[in-house]
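1. quick one, fold the following:
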Amino acid sequence: MSYYNYIKALHLIFVITWFAGLFYMPRLFIYWIEAQQKEVPARSILTEQFKLMAYRLWYIITWPSAVLAILFASALLYLMPSWLVQSWMWIKLAFVGVLIVYHLKTHMIFRQMQGGIYPYSANFMRIWNEGATLILFAIVFLVTLKNSFHWVFGVVGIVLLGVFLMLGIRLYKRIRKKQNT
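-> Predicted coordinates for the structure are as follows:
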């Protein structure tokens with residue numbers, strides 16, 4: 001009996017929960033940063049709530065999911081070593097490396113904010129939040145299409161997605177500014 005499909009299913013589950021944490025954490029950062037503009041006692045109440053929510057999300061969901069996703073991915077590569085001679089896999093692994101760097105940088109921001117230091121603006125965090133989206137798109141398209149498309153189309157697609165995401169953020173900022181005036 002092959003354990004491949006079970007390991008693959010577990011890998012996918014933990015990739016999904018890892019990304020869920022990476023998508024939601026910068027959102028919490030945005031709300032947390034914006035709470036610093038409020039008057040006391042709202043600021044202190046919200047700050048404590050966001051601090052607790054972020055702590056639980058990060059250490060109960062995001063970190064364990066990251067570790068388990070990587071462990072199950074390693075098991076898949078052990079079972080399917082032929083993937084390591086395929087170029088799409090090396091590109092995917094490069095994006096996973098970028099994802100790990102993104103995760104670690106998010107961890108640094110988390111630690112700073114847990115200590116009461118808010119190094120970035122809410123707008124920066126909106127942009128930061130889209131980093132995980134770009135990485136997810138790149139990895140899913142690579143795994144799904146493998147070698148069936150030219151890498152140039154993939155790069156152009158990711159760049160265009162990034163442009164559309166940035167335009168969306170600017171539009172959101174403009175709409176929000178009009179609502180607040």
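2. among the helices and strands of this structure, which has the poorest mean pLDDT?
-> When each helix and strand of the chain is scored by mean pLDDT, DSSP states H and E, helix 151-180 comes last, with a mean of 76.
3. what are the buried residues along that helix?
-> Judged by neighbour count (16 or more other Cβ atoms under 10 Å), helix 151-180 contains these buried residues: Gly154, Ile158, Gly162, Leu165. Quick note: C-beta positions are derived from backbone N, CA and C, even for glycine.
4. try stretch 48-65
-> For stretch 48-65, burial by neighbour count (16+ other Cβ under 10 Å) applies to Phe50, Lys51, Ala54, Leu57, Trp58, Ile61, Thr62, Ser65.
5. please apply the same query to stretch 97-112.
-> Using 16+ other Cβ under 10 Å as the burial criterion, the residues of stretch 97-112 that qualify are Leu99, Tyr102, His103, Thr106, Ile109, Phe110.
6. make sure the third one is actually in contact with Ser65.
-> No: contact between His103 and Ser65 fails when scored by Cβ atoms under 8 Å: they sit 10.1 Å apart.
7. mutual contacts of the two, please.
-> Trp18 (Cβ atoms under 8 Å, 6 or more residues apart in numbering).
8. longest helix in this structure, by number of residues?
-> In the chain, with assignment by DSSP state H, the single longest helix is helix 4-35.
9. what does the helix or strand following that helix rub up against?
-> Tracing the chain past helix 4-35, the next element assigned as helix or strand by DSSP states H and E is helix 42-56. For helix 42-56, the external contacting residues (Cβ under 8 Å, 6+ apart) are Met25, Leu28, Phe29, Tyr31, Trp32, Ala35, Gln36, Gln37, Lys38, Phe110, Met113, Gln114.
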